[in-house]
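[1] requesting a structural model of the entry that follows:
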Amino acid sequence: MNNNAPGEARGHRQWDVAGQPDIYTSLKQSEELDHLAVFYDSHEERLDVSLSFLQLGLARNERCLYARSDLKRQEILDGLAALGVDVDTALSEGQLDVLPAAELYFEDGFDPDEMVSRLIDVLTETTARGYDGLRIAGEISWLEATDIDLKEILAYETSFDATAPNFDFCALCQYDLDRLSDEELLGVMQAHRQFVYRRRLCENPLYQEPEEPNDLVDPIPDAERVLETAYDLTGARDAIDRREQRVGVLNRVLRHNLRNDLNVVRSHAELMREASDDAEVGESADAILDATDRLMDIAEEAKQIEKSVGNGGDTRVPIDLSRAIEEAAARTRTRHPGVAVVRGVDEPTWVESSEQLEFALAELFEALASMADDGAKILVEIDEACSTASRRCLVVQCDGADLPKSEVQALLQGKETQLSHGSGLGLWLVNWIVELSGGSLSFQTTDDEERVMLDLVAV
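    Model prediction:
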């Protein structure tokens, strides 16, 4: 993109309008909305964003003002009516007003301090009339017909943000991309906490707080690329949020239903075993109970995965590795009494990790114990050779027990496949928790001996 002079067109953009986000929903879902800009490329886009902004404010019992310049008053009113707004009532009750920009901004000459004072008065009046807030959508195109510099407008906006941070106020400032130079675009971005671009609400990476200097001395060479980057990052973040929400709901529903139904199956299997002397029936009941236990374990693992990778799952805390090993070993001894866990870490050894580290160690011990014969030993120790002042290398191995090659292969590849399909979630859970702890999980085979190595952050 070239460094355009004010009013110089930036070139035709071919945006897929049908694929763009629903701006009304985005505005409605935003928890903190106070001062945002819309950078538009077409009449339709500006109208769509402005009408959605006003529609939401009217639905929330906010007083709404629209300072127009290019758009016609009736066009705005007809647009709101088409969205289902009772325009006549809103106008008659004073909740909605569409007025010329000159009447709001510079009827008696533009004075930033006077404008701030006037808006404070309007906010006070709005609150006194019982509205829950004030919402203003303002066109800026009128600047071209005056000798007012854009810097004065931005200075006024910054001053107002600093003066009235606690008012229930929301402003939408409209900017035509083809009328802004790169220098001006940068200045506008510095003055607005959020912006709408291609109908997507984006957090502004260039926003400067009101107390920070807001100058236009150092324009970036390609200001519009910043808009595109913020647009793409916001889209990616929204996609991740939606996916996490859906996975979370699916996980909770499946886990809840799985546990409930497995409890029913278990109850009937126990009744079968107690009510029948037939050996085959007893064996079938035992097989059902074993299967329900395995599925219950998977349900519990799914719960731990949700806990470890959900909100706050990446929080790290100091953990005594020796104590975590002992508690994980105690759980393993309960479930696999024929397998011993031998600790080579007796003294307190502190690492920084996820709070779920103990659970991850227990999952690893049990995965090995399930593959071992009675009398086997799981050895857990610090490998001093690969440890450093900032890292602790924990080695876990079990004589005569190797983890299933298919599970290890699936973990190393980072995905399940038909050729390497794991039997559970245990190793995945171990790996995720170790990664969340800032560490890594690896496997080493030497002289027919398999070593599982956990690289952790030392405190």
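[2] drop to CA atoms for contacts and neighbour counts, all remaining ones
    Will do.
[3] the closest residue to D176 other than its chain neighbours and G94: what is the separation?
    Nearest residue to D176 in three dimensions, chain neighbours excluded: Y40, at 5.2 Å (CA to CA, 6 or more residues apart in numbering). Distance check for Y40 against G94: by CA to CA, to the nearest Å, it reads 29 Å.
[4] show me the helices in the chain, by range?
    23-29, 43-59, 73-82, 87-92, 101-105, 112-128, 150-163, 182-190, 223-275, 279-309, 321-335, 357-369, 405-413, 426-436 (DSSP state H).
[5] my read is that V188 contacts L154, right?
    Yes: counting by CA atoms under 8 Å, L154 is a contact partner of V188 at 6.9 Å.
[6] quick one: which of those two has more around it?
    Taking other CA atoms under 10 Å, V188 and L154 do not tie; V188 has more neighbours (26 against 21).
[7] so that one versus V380, what's the distance?
    59 Å.
[8] just Q397 next, same as before
    Taken as CA to CA, the span from Q397 to V380 is 7 Å.
[9] related to what we said a few turns ago, give me the more crowded residue out of Y40 and G94.
    Higher neighbour count among Y40 and G94: Y40, with 20 against 14, using other CA under 10 Å.
[10] is that one in contact with L180, as I believe?
    No: taking contacts as CA under 8 Å, Y40 lies outside contact range of L180: 11.0 Å.
[11] quick one: contacts for the residue nearest to D176?
    Residues near Y40 by CA atoms under 8 Å, 6 or more residues apart in numbering: 46, 174-177, 197-198.
[12] ok, and the most crowded of those residues?
    R198 (25 neighbours).
[13] list phi and psi for it.
    Backbone torsions for R198, taken as degrees, to the nearest 10, come to phi 50, psi 40.
[14] gap between it and T234?
    Counting by CA to CA - R198 and T234 are separated by 12 Å.
[15] check L379 too.
    For L379, the distance to T234 - CA to CA - is 47 Å.
[16] now do I153
    Taking CA to CA, one finds I153 at 28 Å from T234.
[17] over to N260?
    39 Å.
[18] try Q190
    Counting by CA to CA, the gap from Q190 to T234 is 18 Å.
[19] now do I288
    Taken as CA to CA, the span from I288 to T234 is 48 Å.
[20] thinking again about what came up before, measure the residue nearest to D176 to R266 for me?
    61 Å.
[21] same question, T163
    66 Å.
[22] and these two? Which one has more around it.
    Neighbours per residue (other CA under 10 Å) separate T163 from R266, with R266 holding more: 19 against 14.
[23] wait, that one sits on D290?
    No: if you go by CA under 8 Å, R266 and D290 don't touch, sitting 9.3 Å apart.
[24] circling back to that earlier point, who has more neighbours, I153 and T234?
    For I153 versus T234, neighbours defined as other CA under 10 Å are more numerous around I153 (20 against 16).
[25] quick check, that one in contact with P112.
    Yes: using CA under 8 Å, I153 is in contact with P112, at 7.4 Å.
[26] how many residues are close by S322?
    20.
[27] state the distance from it to Q397.
    S322 is 16 Å from Q397, by CA to CA.
[28] V116 now?
    In terms of CA to CA, V116 sits 70 Å off from Q397.
[29] the two: who's more crowded?
    Remark: of V116 and Q397, Q397 carries more neighbours, 23 against 19, as counted by other CA under 10 Å.
[30] who are the contact partners of the closest residue in space to the more buried one that isn't next to it in sequence?
    With CA to CA, 6+ apart as the criterion, Q397 has its nearest non-adjacent residue at 4.9 Å, and that residue is R451. By CA under 8 Å, 6+ apart, the residues touching R451 are 395-397, 443-445.
[31] please report how far the most far-flung residue of the chain relative to its centre lies from V317.
    Distance from the C-alpha centroid of the chain, by CA atoms, centre = their mean, peaks at D277 (56.7 Å). The gap separating D277 from V317 is 54 Å, by CA to CA.
[32] with Y175 instead?
    From Y175 to V317 the distance is 47 Å (CA to CA).
[33] check what pLDDT the residue nearest to D176 gets.
    You'll see Y40 listed with a pLDDT of 92.
[34] go on, the one 5 residues further on?
    In the predicted model, E45 carries a pLDDT score of 90.
[35] burial measure for the nearest residue to it once chain neighbours are set aside, as a count.
    Nearest residue to E45, sequence neighbours excluded (CA to CA, 6+ apart): R199, at 7.3 Å. Using other CA under 10 Å, R199 has 23 neighbouring residues.
[36] is R199 in contact with T25, as I believe?
    No: look at R199 against T25 with CA under 8 Å: they stay out of range, at 10.6 Å.
[37] list the contacts of I140.
    69, 173-175.
[38] restricted to strands, list those.
    Among the contacts of I140, DSSP state E puts 173-175 in strands.
[39] excluding chain neighbours, what is closest to D34?
    C170 (4.2 Å).
[40] give me every residue that touches that neighbour.
    Applying CA under 8 Å, 6+ apart, the residues near C170 are 33-36, 133-136.
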